[in-house]
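Chemist: let me see the structure of the following:
(one chain, ligands or ions: 1)
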Amino acid sequence: MTQEKPAWYEAPIIKDMMALMGGRALRGVMAAYLSSKIYVGKAALLRVTRYLEAMLDKPERRALIITDSFTQKYAKKVTDYLDLIEMEYRVWSGAKPEVPIDTIYEGVKVCEEFKPQVLFAIGGGSVMDTTKMVMVKYEKPEVNLMMILPYFGSLGLRKKMKFFIAIPTTSGTGSEVTQVAVITDTDRNPPKKLEVIADELCADITILYTDFVKDMPPFLTMATGLDAFSHAIGSFVSNWGSPYIDAMNSTAIKEIVKYLPRAYKYGAKDIEARDHMQMASLMAGIGFGNTIPGIDHSLGHSFGKIFGVHHGLSVGLFSPYSIAFQAKVTDRWQLLLPIFNIEIENKSRDELFKEFLQSVKDFILSLDAPICVKDLKDPVINKEEYFSKLDLLAEYADDDAVSLTSFRTINRKLYKKIFEYAWDGRDIDF
Ligand SMILES: [Fe+2]
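Modeler: All right, here's what the predicted structure looks like:
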């Protein structure tokens, strides 16, 4: 069932062409800005339910609610409302972390039996991304997920499924508003993370309500929050931005720097911080989703998959390296100085960059997250093993779609060097 490889961005010619087309110089040729309809707060579920009632005839009111074993407990918050409009529903809790390809086919089977017209995804990024892939394969079984070329043509979804409604239970992935799904090809050894990008993967409706995120434990708050931070800052300093995206990302960075430490420290006691983090994560999602993230994500995807490290922790760790590597050819980081309260007068570029990079590192450290591989606590990584895998780390990072967005040309050799420096946090000096 898992005959999906290779992915388009592993083919050098398509990869080079896409990097050019998505870059700032050619943005005017192919830019499109996508997002969901966004409903926020306590009344959001009621408003969306009433909308579904108006849009769907009674026989069409069939919803499949996709969750995982952890987020299935939230399904009742939604089904209580679906009962109001006599909508039939089924809950499928088979989504798995990191979206192994096999789980997608399990979800498709459930759809074929139940024939839903509405898909709800209640969960973090893996649940959202599973739902996106289930939707594609249910509607278009013939589509090869790995060869969906973004920006060219349409898949023609929403013929069987009328609405895809996303309700995030973490504040980080932004998947509720992106046209991206990250899945794991378990046929490769070690397994590899792969991105699928298509306009129609964007949810039709997103519901943000703090009730779904308030009880996140501190580690999840921190790690998913760092994911959002990396999305925003990574795509802000990349070559794929635009004023629209910059607005989303810079506001997201500002909000995350202010509210993530509070959300991490006070959890459910600080609903204001939860509320701001939900919106910041969504804004970062619109920011990076309409570009693709920065190379912190190619580094983090490769590292996270090979060493079994949480996605948010991985991409957070590599954020400073991504910024420093690209700062050799771009000054975009300077636009972020006010967010970190850095005074610019009478300072050289080098001094300012040093101060900026230290502020980013201090922010990550303030959340008890590592900024170098040797300081990682869970899991602890053996130095010899890490260095023995540098080639594989570099290969997986270089073959990642995210590599396309780098402001500075990057290749396997440079990736390897970055991984080498990241062991003990050496400053990028090349
Ligand atoms: Fe991410």
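Chemist: other residues contacting stretch 380-393?
Modeler: For stretch 380-393, contacts defined as Cβ atoms under 8 Å, 6 or more residues apart in numbering pick out 190, 302-303, 306-307, 373-374, 412, 415-416, 419-420, 423. C-beta here means a position set from N, CA and C on the backbone, and glycine is covered the same way.
Chemist: and if we set it to 7 Å?
Modeler: With contact meaning Cβ atoms under 7 Å, 6 or more residues apart in numbering, stretch 380-393 is reached by 302-303, 306-307, 373-374, 416, 419-420, 423.
Chemist: how long is that stretch end to end?
Modeler: Distances were taken as Cα to Cα, to the nearest Å; on that basis the terminal residues of stretch 380-393 are 17 Å apart.
Chemist: now that stretch: average pLDDT?
Modeler: Within the predicted structure, the mean pLDDT of stretch 380-393 is 97.
Chemist: can you check stretch 354-372 too?
Modeler: The model assigns stretch 354-372 a mean pLDDT of 98.
Chemist: now the strands for the stretch 151-300 of the chain?
Modeler: 163-168, 180-185, 192-197, 205-208 (DSSP state E, counting those that start in this stretch).
Chemist: related to what we said a few turns ago, most neighbours, which of the contacts of stretch 380-393?
Modeler: Looking at the contacts of stretch 380-393 with neighbours defined as other Cβ atoms under 10 Å, the largest count falls to Ser302 at 28 neighbours.
Chemist: show me what the strand or helix carrying that residue is packed against.
Modeler: For Ser302, the host element (DSSP states H and E) is helix 295-307. With contacts taken as 3 or more Cβ pairs under 7 Å, 6 or more residues apart in numbering; DSSP states H and E, helix 295-307 sits against strand 192-197, helix 218-236, helix 311-326, helix 390-398.
Chemist: now, among the contacts of stretch 380-393, which is nearest to Val134?
Modeler: The shortest distance between Val134 and any of the contacts of stretch 380-393, using Cβ to Cβ, involves Ser302 and amounts to 25.9 Å.
Chemist: how far away is that closest one from Asp398?
Modeler: According to Cβ to Cβ, to the nearest Å, Ser302 and Asp398 sit 9 Å apart.
Chemist: on that earlier part again, angle of the helix holding Ser302 against strand 192-197?
Modeler: Using axes from the mean of the first three to the mean of the last three Cα atoms, to 10 degrees, one finds that helix 295-307 and strand 192-197 are set 140 degrees apart in direction.
Chemist: dump the residue contacts of the most centrally placed residue in the chain.
Modeler: Most central in the chain under Cα atoms, centre = their mean is Thr173, positioned 3.9 Å from the mean C-alpha point. Applying Cβ under 7 Å, 6+ apart to Thr173 gives the contacts 124-125, 128, 224, 227.
Chemist: which of the residues you listed tops the neighbour count?
Modeler: Using other Cβ under 10 Å as the neighbour criterion, Met128 leads the contacts of Thr173 with 34 neighbours.
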